[in-house]
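1. below: sequence and its predicted model.
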Amino acid sequence: DLANNLKKENEWLKEADSSALQQSLRHLDNAYQNFFSKGSVYPKFKRHVVVEGDRTDHHESDRDEGVPGAGWFLVRIDLEVDERFHVPIEEIRAIQAGADVRQLLIEKAKALTEEKRVIDSRLSIIHHILEDREMRYQVTEKMIPEMIVYSSETVLAQHMDIMRWIPSVGEECLRLNPGMKCADPPYEFCEFLDGEYRETDVKIRHSEAVAAVGKGNDQINFRRLPAAKVLSVFHKGSYDSIGEAYAFLMRYAEQNGFHTAGPARECYIDGIWNKESEEDWLTEIQLPVE
């Protein structure tokens with residue numbers, strides 16, 4: 001029957017009691033027949049609906065004219081099936097309990113905006129691979145000498161949070177080691193420890209070369225970094241499209257018989273601290289290989 005067919009197409013309908021579904025369909029059918037036969041008028045939508053588990057209670061004193069018993073079905077159609085909003089049952093319950101609808105929508109808008117940003121970044125990488133574009137990338141091979149670095153690790157909510165986190169690491173190192181000198185020439189980089197490029201929940205390690213080993217704590221540690229051979233590529237532009245450079249670099253390594261020997265390193269040359277436009281940001285990506 002119609003109810004069973006609807007359940008196959010819409011999983012959420014299985015949450016409701018089958019009798020309630022059948023009754024709602026009968027009421028809806030009667031309402032349409034009454035309306036188009038001129039036996040009733042437009043509904044005023046003044047029903048008070050209380051969503052509780054799988055059951056919906058309707059107050060008889062608030063009965064809509066011409067659409068008896070259709071409230072539950074219309075609420076679910078309007079609030080959950082509509083793909084523009086897709087309001088889950090938990091949020092419907094929250095609204096009925098007095099939650100701020102505007103705040104719920106603001107939070108949903110923020111979540112959808114972040115999902116869109118992540119999806120756009122991934123699509124950019126996919127399009128780069130499918131179109132096989134050379135773009136502006138040119139890979140070079142070079143040796144990074146042995147050095148002493150101080151390092152710190154954390155997990156960032158978003159890739160874009162890197163530039164807010166790095167300065168705090170340097171400040172903590174200087175607090176522990178007043179007068180600490182950086183190496184000459186300077187060398188500073190971030191490594192992504194997840195084994196893949198990620199936009200959210202980014203496990204990251206920041207390192208900077210220094211002249212000598214200093215004092216560490218649970219946030220800062222010193223280590224001797226061995227010499228490494230790396231494949232290097234420069235990416236100019238926003239970090240949102242840096243995944244294209246990673247795709248190009250990894251494909252180059254595979255096509256030329258290289259094997260990765262550690263996590264990739266990002267060296268930030270120009271960025272928000274000295275360039276007004278994202279188009280002028282410059283990042284070097286180094287991939288240790290053997």
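-> Done, it's in. Numbering: from 1, shown residues only.

2. okay, and Glu107 sits in which element?
-> Following DSSP states H and E, the helix or strand that holds Glu107 is helix 101-131.

3. after that helix comes which helix or strand?
-> Counting by DSSP H and E, what follows helix 101-131 is strand 140-144.

4. all helices of this protein, in order?
-> Along the chain, counting by DSSP state H, helices occupy 2-9, 18-36, 71-76, 89-96, 101-131, 162-176, 243-255.

5. kindly provide the distance from the nearest residue to Asn177 once chain neighbours are set aside to Glu188.
-> Leaving aside its sequence neighbours, Asn177 sits nearest to Gly214 (C-beta to C-beta, 6 or more residues apart in numbering; 3.8 Å). Yep, even glycine has a C-beta here, placed from its N, CA and C like the rest. According to C-beta to C-beta, to the nearest Å, Gly214 and Glu188 sit 16 Å apart.

6. then Lys236?
-> In terms of C-beta to C-beta, Lys236 sits 19 Å off from Glu188.

7. again with Ala109
-> In terms of C-beta to C-beta, Ala109 sits 36 Å off from Glu188.

8. what of Pro145?
-> Distance from Pro145 to Glu188, by C-beta to C-beta: 15 Å.

9. so the two - more neighbours on which side?
-> Taking other C-beta atoms under 10 Å, Pro145 and Glu188 do not tie; Glu188 has more neighbours (18 against 12).

10. quick check, the more buried one in contact with Ser207.
-> Yes - with contact defined as C-beta atoms under 8 Å, Glu188 reaches Ser207; the gap is 7.2 Å.

11. winner for burial among the helices of the chain?
-> helix 71-76 (a mean of 20; mean count of other C-beta atoms under 10 Å).

12. give the rounded mean pLDDT of that helix.
-> The pLDDT scores in helix 71-76 average 42.

13. do the same with stretch 14-32
-> Per-residue scores along stretch 14-32 average to 72.
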